[in-house]
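In: let me see the structure of the following:
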Amino acid sequence: MHNSISKKQAYCTTFLHQRSVIAYFRSLFYNRIMNTTDFTSIFKEALLSTPKTSSSMLPEDFLGHLFTTDKQIAAKTASDFYSGGNLVVRNSWSFDIQKLPCFLLLYTAAGCGKLLINQHVISLTENSLLLLDCRQRFRIDVAVSPWKYQVLFFDNAHAAELLSLITEEPFCILNTTAHSEYVLQLEKLLCLNSEKTMISQLRASDLLNHLLTEVTVEFLKKDQEFRKIPSYIEKIHDLFEEHYEENYSLDDLEARFSISKYRICREFGEYYGITPLQYLNRRRIRIACHLLETTSLRIHEVGSAVGIDNTNHFISLFKKYEGCTPLEYKVREPGP
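Out: I've put the predicted structure just below:
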């Protein structure tokens with residue numbers, strides 16, 4: 001069991017970097033790209049019955065904003081984006097869908113939705129993230145209103161393969177938190193797709209692959225059949241997630257947990273694919289992006305808020321992960 005589990009985890013973490021596999025999926029994906037402008041029509045055609053909605057809400061309002069994407073880039077990256085946004089439903093609402101040719105990411109920020117699929121009734125509770133293969137019949141209802149959620153309809157050549165690693169069902173639900181990596185990445189995907197540029201589409205495709213892989217890895221880690229992460233590794237992970245603004249060094253971690261820093265680096269890397277401090281830096285930059293997008297904080301204030309008081313170091317680290325300076329990012333992203 002241990003060997004088969006390790007192989008699955010290794011496959012998951014390296015899946016998107018196998019050039020031959022990617023080339024194969026690209027060839028398949030190219031043949032199924034649809035025009036984004038047709039997505040509303042495709043959605044309506046997939047409806048099995050007239051949705052139960054308020055008089056002020058149309059069925060396609062569930063789609064959010066339609067995205068405009070470059071089909072050549074979609075073919076080369078094996079990812080395409082159709083629609084998405086931040087939505088609130090305040091009334092009773094439901095619809096049945098049959099074979100919508102795409103995938104869905106849905107994060108519930110407040111209230112509750114309900115998914116009915118394959119004789120399952122799944123509650124989409126607060127802080128849950130749904131990944132759904134829409135290519136079979138499903139129904140979505142409002143369970144508790146107002147239901148506030150983020151939604152992204154997309155296609156990706158790897159999504160079905162990754163989903164099959166963790167479940168035999170066409171969906172998975174991940175319980176998370178309001179400022180988790182998954183939620184921040186979904187918010188970033190929505191922002192990138194609203195920009196309507198080739199660069200933003202390339203970045204969105206890369207981020208989507210990363211998000212899908214991270215969700216898959218998280219499920220593999222939580223499966224009871226898989227070997228458990230050492231408790232001290234989980235504690236380090238939780239420290240970085242909840243207290244990213246504090247100062248850490250490998251020597252600090254060694255002293256705190258009475259474990260060699262070399263062992264910490266080796267075992268943390270086995271489960272998360274990167275070193276502890278790389279994970280911390282990535283977490284800090286994700287939070288920094290969120291602050292730049294949603295607050296009026298100055299650059300040095302954002303750096304301090306995520307635990308990087310040296311502004312020059314913060315700018316350098318931000319550019320390493322995002323490809324631009326914090327100021328360039330703030331100017332590009334829509335402000336609060």
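In: CA only for contacts and neighbour counts going forward, please
Out: OK.
In: against which helices or strands is the helix or strand hosting Tyr149 packed?
Out: Here Tyr149 sits within strand 138-156, counting by DSSP states H and E. Applying 3 or more CA pairs under 8 Å, 6 or more residues apart in numbering; DSSP states H and E, one finds that strand 138-156 makes contact with strand 79-89, strand 94-97, strand 103-117.
In: redo those strands as JSON lines? Include distance to Asp38.
Out: JSON lines is the format used below for the helices and strands packed on strand 138-156 (distance: least, CA to CA, whole Å):
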{"stretch": "strand 79-89", "distance to Asp38": "9"}
{"stretch": "strand 94-97", "distance to Asp38": "16"}
{"stretch": "strand 103-117", "distance to Asp38": "16"}
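In: for Glu187, which of those is the nearest?
Out: Closest of the helices and strands packed on strand 138-156 to Glu187 is strand 79-89, at 8.7 Å (criterion: CA to CA).
In: strands paired with the closest one, and their directions?
Out: With DSSP bridges as the test, strand 79-89 is paired with strand 65-66 (antiparallel), strand 138-156 (antiparallel).
In: so for Thr197, which of these sits nearest?
Out: Smallest distance to Thr197 across those (CA to CA): 14.3 Å, for strand 65-66.
In: what residues go with each domain of the chain?
Out: Taking automatic domain parsing as the reference, the chain has its domains at 2-222, 231-332.
In: still on that earlier bit, of the helices and strands packed on strand 138-156, which is nearest Ser205?
Out: Using CA to CA, these put strand 79-89 closest to Ser205, at 5.7 Å.
In: what is the mean pLDDT for the closest one?
Out: For strand 79-89, the mean pLDDT works out to 90.
In: report the angle between that strand and strand 103-117.
Out: 50 degrees (axes from the mean of the first three to the mean of the last three CA atoms, to 10 degrees).
In: any idea how far strand 79-89 is from the chain center?
Out: Relative to its chain's centre, strand 79-89 lies at 13 Å (CA atoms, centre = their mean, to the nearest Å).
In: next, the buried residues of it.
Out: For strand 79-89, burial by neighbour count (16 or more other CA atoms under 10 Å) applies to 79-89.
In: same deal with stretch 320-331?
Out: 325-326, 329-330.
In: please apply the same query to stretch 205-216.
Out: Buried, per 16+ other CA under 10 Å, within stretch 205-216: 205, 207-216.
In: and for that stretch, what's in contact with it?
Out: For stretch 205-216, contacts defined as CA atoms under 8 Å, 6 or more residues apart in numbering pick out 12-13, 16, 77-80, 158-159, 162-163, 165-166, 174, 182, 185-186, 189.
In: against Arg286, how distant is Lys235?
Out: Counting by CA to CA, to the nearest Å, the gap between Lys235 and Arg286 amounts to 20 Å.
In: ugh, wrong one, Val89
Out: Distance of Val89 to Arg286, given as CA to CA: 28 Å.
In: could I get the full set of strands for the stretch 101-250 of the chain?
Out: Along the stretch 101-250 of the chain, the stretches classed as strands by DSSP state E, counting those that start in this stretch are 103-117, 120-124, 128-133, 138-156, 171-175.
In: could you single out the most deeply buried of those strands?
Out: Among the strands of the stretch 101-250 of the chain, strand 128-133 has the highest mean neighbour count (mean count of other CA atoms under 10 Å), at a mean of 22.
In: can you name every helix or strand that it contacts?
Out: Contact partners of strand 128-133 among helices and strands, from 3+ CA pairs under 8 Å, 6+ apart: strand 103-117, strand 171-175.
In: what is the least confident helix or strand in the protein?
Out: helix 19-30 (a mean of 45; mean pLDDT, DSSP states H and E).
In: what's the angle between the following helix or strand past that one and strand 79-89?
Out: Following helix 19-30 in sequence order, the next helix or strand is helix 39-46 (DSSP H and E). For helix 39-46 against strand 79-89, the angle by the same axes, to 10 degrees is 70 degrees.
In: for the record, mean pLDDT for helix 39-46?
Out: 85.
In: cool, and stretch 139-154?
Out: 90.
In: again, but for stretch 199-218
Out: 90.
In: how about that stretch as CSV, C-alpha atoms only?
Out: C-alpha atoms of stretch 199-218 as CSV (Å, rounded to 0.1, in the frame of the first residue of the first chain):
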residue,chain,number,x,y,z
ILE,A,199,-0.5,37.5,-20.7
SER,A,200,-3.3,37.3,-18.2
GLN,A,201,-4.7,34.2,-20.0
LEU,A,202,-1.3,32.5,-19.9
ARG,A,203,-1.0,33.3,-16.2
ALA,A,204,-4.5,32.0,-15.5
SER,A,205,-3.8,28.7,-17.3
ASP,A,206,-0.7,28.2,-15.2
LEU,A,207,-2.5,29.1,-12.0
LEU,A,208,-5.4,26.8,-12.8
ASN,A,209,-3.1,23.8,-13.3
HIS,A,210,-1.4,24.7,-10.0
LEU,A,211,-4.8,24.9,-8.2
LEU,A,212,-6.1,21.6,-9.6
THR,A,213,-2.9,19.9,-8.6
GLU,A,214,-3.0,21.4,-5.1
VAL,A,215,-6.6,20.3,-4.6
THR,A,216,-5.7,16.8,-5.7
VAL,A,217,-2.7,16.6,-3.4
GLU,A,218,-4.8,17.8,-0.5
